[in-house]
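Trainee: coordinates only, sequence not included:
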């Protein structure tokens, strides 16, 4: 006859779980090792499916954000002259890069300070023809 400790060791070696998790699973299965394995594997797959679904939801939100960002442009101006125009989605990706790396954040901060001293401005503009329920003119300029 297999002792309870041996059954727990079997569960731990097969599923890489703690003694506590193995003991609880064995108790819930009435001491049946096979049933405990089945129950634990079911929980593990549900956990993986949960994260997979959350990841897919987050990717959908990112795709929606990038799609909406294509409707807008960011213009960098010095005085009345446009220096550069980029899609807002590209600017958002740059922001994610800044958040991911302290080195890039420092470069961004120095660039921002330099731009402020040289009288640069940012304009956010909606591309002509983009559907806009709030503003029928098709353009929304904002100076920052």
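Mentor: In hand now; what should we look at? The shown structure was predicted, so the numbers you read here are calculated from the model rather than taken from an experiment.
Trainee: And the helix or strand bottoming out on mean pLDDT in the chain, what does it pack against?
Mentor: Sorting the helices and strands of the chain by mean pLDDT, DSSP states H and E puts helix 88-100 at the bottom, at a mean of 71. In terms of contacts (3 or more C-beta pairs under 8 Å, 6 or more residues apart in numbering; DSSP states H and E), helix 88-100 is packed against helix 33-69, strand 72-78, helix 102-117. (Glycine included, C-beta is placed from N, CA and C.)
Trainee: Outline the domain layout of the protein.
Mentor: Following automatic domain parsing, the chain resolves into domains at 4-65, 71-126.
Trainee: weakest of those by average pLDDT?
Mentor: Looking at the domains of the chain, the lowest mean pLDDT belongs to domain 71-126 (a mean of 79).
Trainee: doesn't residue 128 fall inside a strand?
Mentor: No - per DSSP: H, G, I helix; E, B strand; the rest coil, residue 128 lies outside any strand segment and is coil.
Trainee: quick one: pLDDT of it?
Mentor: The model's pLDDT for residue 128 equals 72.
Trainee: what do you get for residue 131?
Mentor: With respect to pLDDT, residue 131 scores 54.
Trainee: hmm, back to that, show residues contacting the least confident helix or strand of the chain.
Mentor: The contact list for helix 88-100 (C-beta atoms under 8 Å, 6 or more residues apart in numbering) reads 65-66, 69-74, 104-105, 108, 124.
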